[in-house]
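1. sequence below, structure please.
(one chain, ligands or ions: 2)
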Amino acid sequence: MHLYTAQEMRDLDQYTIQEVGIPGVVLMENAGRMVTEEILRRHPHPGRAVILTGGGNNGGDGFVIARLLWGAGWDVSVWITGTQEKMSAETATNYHVCRRLQLPMEHFTSDKGDSLSPLLQQADVVVDALLGTGVKGPLRPPYGALIERVNRDTKGWVLAVDTPSGVETDNGSIETIAIRADVTVSLVGPKWCHYLRPGAEYVGELVIADIGIPKEVARKMGTSARLNGPEEWKEFFLPRSRWSHKGTHGHLLVLGGSKGMLGAVKMSGVAAYRTGVGLVTLGVPESQLTTLGPSITEALLWGWPEDELGQFGNDIPVDWRERSNRFKAMAIGPGLGKVSNGQEWIRQLLQGDHPIVLDADGLNLLALDPSLLKERSAPTILTPHPGEMARLLNTSVQEVERFRPEVAKEWAHTYGVTVVLKGSHTVIATPDGRQWVQPKASPALAKAGSGDVLTGIIGALLARGWTSATAALAGVWLHNSAGELAVTSSSHSVLATDVIQCIGDAIQLID
Ligand SMILES: NC(=O)C1=CN([C@@H]2O[C@H](COP(=O)(O)OP(=O)(O)OC[C@H]3O[C@@H](n4cnc5c(N)ncnc54)[C@H](OP(=O)(O)O)[C@@H]3O)[C@@H](O)[C@H]2O)[C@@H](O)CC1
Ligand SMILES: [K+]
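-> Residues are numbered from 1 along each chain as shown. Ligands and ions are numbered 1, 2, ... in the order given. The predicted model follows:
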C-alpha cells in the first residue's frame with residue numbers, strides 16, 4: 001500500500017482532476033460521504049455533531065459531512081475558521097449548500113469559545129475538518145485556542161479528517177498543539193504522520209477511505225514509500241517442496257553468545273529454524289560450547305577463539321576460509337558482547353561475500369568504522385534500534401527519532417545497505433531510495449530477546465536466498481505478526497521465546 005507525503009497527495013489529486021477529469025467537487029463529495037459512513041457505522045442513530053471547518057479543502061470535506069449528517073437526522077453545529085474569499089471553488093460550493101440549507105453555522109473567533117464549549121460537551125462526535133495535508137508552519141490564531149478547547153471540553157469522540165489538525169503531514173511533528181483524535185479517516189491512503197511520533201500518538205484508530213481515485217491512477221503516480229505487508233514479498237514464500245532437503249533451505253551461521261549471553265544466540269538460531277532455514281550453526285566462544293550444547297538440540301556448534309574473559313578474541317578461526325563456504329548467510333551480533341580487537345575482527349568477516357545481517361554488538365563493532373560497508377558487494381542488512389543508530393551516526397537518540405525516515409534513507413543510500421530502523425513503527429530503507437513502514441506495532445515485542453528473534457528470522461531468509469529488501473520486509477512483518485499472535489493473555493507477559501513459537505502461525509497468515 002502507498003504511503004503518502006503531502007506533495008504526493010496533491011500531485012495525485014491534481015492529476016485525477018486535470019488529466020483523468022474527475023471533478024474536485026466529486027472527490028470532495030466522496031471524501032465527505034466516506035467519513036460520514038464511518039461516523040454512522042459507529043453511531044447508527046441520529047446524535048449531536050460539532051463540525052469544525054478550516055479554510056481549505058479539509059474544511060470543504062467538513063461541509064459535506066455536515067450536510068450528510070444533517071440529512072440523516074443529526075443535530076449539527078458547524079464552526080467555521082477561515083474566510084470565504086480564500087476558499088477553493090469546491091469548498092465554497094459546499095459552504096453555500098450548507099448556507100442555503102440553513103444549517104446552524106458560526107464563525108469561530110477566540111471570544112466565541114465560551115459558546116462552543118457546551119456544544120463540545122454535549123456532542124456525540126466532534127469532526128475535525130480544520131487542517132489536512134495543506135497545513136504549513138506553526139498554527140496561526142485562532143486554531144491553537146480552538147484545538148485546546150476541543151481537547152479539553154469534548155466528552156464524546158473526536159474524528160479527524162485526513163490528519164489530526166496541528167500535525168505536520170510529512171514528519172508527524174507538532175509545532176504547538178494538535179487535535180487528539182479517537183479516529184482518523186485518511187483519504188486515499190495513509191500519510192507519514194500516521195506512523196511518526198509525536199503526531200502518530202494523536203491519530204487514534206486509523207481508517208483508510210477510498211474516495212474514488214482509480215487504483216490504476218494511484219499506481220501510475222506511485223509514492224516513494226509504502227506500507228510493509230505480504231503483498232510486497234509473498235511471492236517469494238514458496239511452499240516447501242517435498243523434493244527438498246535441508247541443503248535446499250540454506251545454512252545460517254549465527255555469531256554471538258559470549259559468556260552470560262548465550263540465550264541470545266540460541267534464540268536467534270531457533271527463530272531461524274522456525275522461519276524454515278535448513279541448517280543453523282551457532283558460533284560461540286570456545287568455552288561456552290559445554291554450556292550451550294545441552295540446551296539446543298538442532299543446531300551445529302562451532303567454538304571460536306576467545307580471550308581470557310570468555311569473549312570472542314583477536315582472531316577468527318584458522319580454518320575460517322574453508323569452512324565459511326558452507327554457510328549461505330551470517331547473522332552477527334546476538335549476545336556478541338565485547339570483542340578484543342573488534343575492528344579487525346569485524347573487518348575480516350565483512351570482507352567475504354556472505355549475505356549478512358548485523359545486530360546489537362555487531363552494529364557497535366561496525367560503528368568503529370562504518371566505511372567497511374562500502375567495500376562490500378554482498379547483501380547487508382543492519383537492524384539498529386534508535387540507540388544503536390545514534391551510535392552509528394554519532395548523534396543523539398532524539399535526533400534519530402525526530403528524523404527516522406531521513407536517517408534510514410540516508411544511511412541505506414550512503415553505505416549501500418538495507419537499514420531496518422526498529423521502533424514502534426519500524427522503518428525499512430534500501431540503497432535504491434525505497435522505503436517502507438511497518439504499519440502494525442506489537443507492544444509485546446518491547447522486551448529483551450525480541451531483537452535476537454528478528455535477527456534469526458531475517459538471517460534465515462537471507463540464507464534461503466532472499467534479497468536483502470525482501471528478507472528485511474518479510475522478517476519485520478513475521479516478527480510483528482508472531483508478536484501479536486503470542487499475546488494469549490496479556491501483552492505484558494509475552495516472552496521472546498513465545499514469539500518464536502508463533503513464527504509458524506505468522507507464516508500461515510501470509511495470504
Ligand atoms: N487528496 C485528495 O485527493 C483530496 C483531498 N481532500 C481534502 O483536501 C485537504 C487538503 O486541502 P488543502 O490543500 O486545501 O489544505 P488544507 O489541509 O485544507 O489546509 C489549507 C488551509 O489551511 C490554512 N493553513 C495552512 N497552514 C496553516 C497554519 N499553520 N495555520 C493556520 N492556517 C493554516 C490555509 O490558509 P492560507 O495559508 O491559505 O491562508 C488554508 O486555508 C486534504 O487533507 C483532504 O481533507 C478532499 O477534499 C478531496 C480530495
Ligand atoms: K483534520
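2. which SSE is immediately downstream of the host helix or strand of N58?
-> Per DSSP states H and E: N58 is located in helix 57-71. Using DSSP H and E, the helix or strand that follows helix 57-71 in sequence is strand 75-80.
3. sheet-wise, list the partners of that following strand with their directions.
-> Sheet neighbours of strand 75-80, with direction, are listed as strand 48-53 (parallel), strand 105-107 (parallel) (DSSP bridges).
4. and the helix holding N58, what does it pack onto?
-> In terms of contacts (3 or more C-beta pairs under 8 Å, 6 or more residues apart in numbering; DSSP states H and E), helix 57-71 is packed against helix 24-42, strand 48-53, strand 75-80, helix 89-100, strand 125-129, strand 157-161. Where you see a C-beta, it was placed from the backbone N, CA and C, and this is true even at glycine.
5. with mean neighbour count as extra columns, can I get these in a markdown table?
-> Shown next, in a markdown table, are the helices and strands packed on helix 57-71 (neighbours: other C-beta atoms under 10 Å):
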| stretch | mean neighbour count |
| --- | --- |
| helix 24-42 | 20 |
| strand 48-53 | 27 |
| strand 75-80 | 22 |
| helix 89-100 | 17 |
| strand 125-129 | 28 |
| strand 157-161 | 27 |
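6. which of those sits closest to L292?
-> Of all the helices and strands packed on helix 57-71, strand 157-161 sits nearest to L292, with 51.9 Å by C-beta to C-beta.
7. against which helices or strands is that closest one packed?
-> Strand 157-161 sits against helix 24-42, helix 57-71, strand 125-129, strand 183-187, with contacts defined as 3+ C-beta pairs under 8 Å, 6+ apart.
8. need the phi and psi values for the closest residue to L279 other than its chain neighbours.
-> In space, and not counting its chain neighbours, L279 is closest to H251: 4.2 Å by C-beta to C-beta, 6 or more residues apart in numbering. Note on H251: backbone dihedrals following degrees, to the nearest 10 are phi -130, psi 120.
9. near ligand 1, which residues of this structure show up?
-> Residues of the chain lying near ligand 1 by C-beta under 6 Å from any ligand atom: 9, 13, 27-28, 31, 54-61, 82, 86, 131-140, 143, 161-162, 187-188, 211.
10. now with 5 Å, please.
-> 9, 13, 27-28, 31, 55-58, 61, 82, 131-137, 139-140, 162 (C-beta under 5 Å from any ligand atom).
11. of these, buried ones?
-> Taking 16 or more other C-beta atoms under 10 Å as the criterion, what is buried in those is 9, 13, 27-28, 31, 55-58, 61, 82, 131-135, 139, 162.
12. before we move on, back to that, distance to G433 added to the helices and strands packed on helix 57-71, as CSV?
-> Shown next, in CSV, are the helices and strands packed on helix 57-71 (distance: least, C-beta to C-beta, whole Å):
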stretch, distance to G433
helix 24-42, 29
strand 48-53, 38
strand 75-80, 42
helix 89-100, 34
strand 125-129, 34
strand 157-161, 30
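13. adding mean pLDDT, write the ones you listed out as JSON lines.
-> Shown next, in JSON lines, are these (pLDDT from 0 to 100):
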{"stretch": "helix 24-42", "mean pLDDT": "98"}
{"stretch": "strand 48-53", "mean pLDDT": "98"}
{"stretch": "strand 75-80", "mean pLDDT": "98"}
{"stretch": "helix 89-100", "mean pLDDT": "97"}
{"stretch": "strand 125-129", "mean pLDDT": "98"}
{"stretch": "strand 157-161", "mean pLDDT": "98"}
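14. how is the protein divided into domains?
-> Segmentation of the chain into domains, based on automatic domain parsing, reads 2-223, 230-508.
15. kindly provide the distance from the closest residue to ligand 2 within the stretch 1-150 of the chain to A6.
-> Per C-beta to the ion, D128 is where the stretch 1-150 of the chain lies closest to ligand 2, at 4.5 Å. Distance, D128 to A6, using C-beta to C-beta, to the nearest Å: 17 Å.
16. do E148 as well
-> Here E148 is placed at a distance of 24 Å from A6 (C-beta to C-beta).
17. enumerate the residues of the chain near ligand 2.
-> Proximity of the chain to ligand 2, by C-beta under 5 Å from the ion, involves residues D128, A160, V161, S165.
18. thinking again about what came up before, so which of the strands paired with strand 75-80 gets nearest V420?
-> Between V420 and the strands paired with strand 75-80, the shortest gap by C-beta to C-beta is with strand 48-53, which sits at 39.3 Å.
19. what about the closest one, distance to the chain center?
-> Relative to the centre of its chain, strand 48-53 is centred 31 Å away, using C-alpha atoms, centre = their mean, to the nearest Å.
20. mind listing the helices for the stretch 351-500 of the chain?
-> Counting by DSSP state H, counting those that start in this stretch, the segments of the stretch 351-500 of the chain that form helices are 360-366, 386-393, 397-402, 404-415, 450-463, 468-485, 496-501.
21. pick the most deeply packed of those helices.
-> Mean neighbour count (mean count of other C-beta atoms under 10 Å) peaks for helix 450-463 among the helices of the stretch 351-500 of the chain, with a mean of 31.
22. could you check the angle helix 468-485 makes with it?
-> Counting by axes from the mean of the first three to the mean of the last three C-alpha atoms, to 10 degrees, helix 450-463 points 140 degrees away from the direction of helix 468-485.
23. distance check, W79 against G260.
-> Look at W79 and G260: by C-beta to C-beta, they are 61 Å apart.
24. what's the answer for N480, then?
-> The gap separating N480 from G260 is 29 Å, by C-beta to C-beta.
25. kindly report the same for R33.
-> From R33 to G260 the distance is 61 Å (C-beta to C-beta).
26. kindly report the same for G504.
-> Distance of G504 to G260, computed by C-beta to C-beta: 30 Å.
27. do the same with Q18
-> As judged by C-beta to C-beta, Q18 and G260 stand 64 Å apart.
28. before we move on, the earlier item: between E148 and A6, which one's more packed in?
-> A6 (19 against 15; other C-beta atoms under 10 Å).
29. which residues does the more buried one contact?
-> T133, G134, T169, D170, K191 (C-beta atoms under 8 Å, 6 or more residues apart in numbering).
30. CSV please, covering those and showing pLDDT and secondary structure.
-> Shown next, in CSV, are those (pLDDT from 0 to 100; DSSP: H, G, I helix; E, B strand; the rest coil):
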residue, pLDDT, secondary structure
T133, 96, coil
G134, 94, coil
T169, 96, coil
D170, 95, coil
K191, 98, strand
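31. for the residue of the stretch 151-300 of the chain found nearest ligand 1, what are phi and psi?
-> For the stretch 151-300 of the chain, the residue closest to ligand 1 is D162, as judged by C-beta to the nearest ligand atom, at 3.7 Å. Note on D162: its backbone torsions stand at phi 70, psi -60 [degrees, to the nearest 10].
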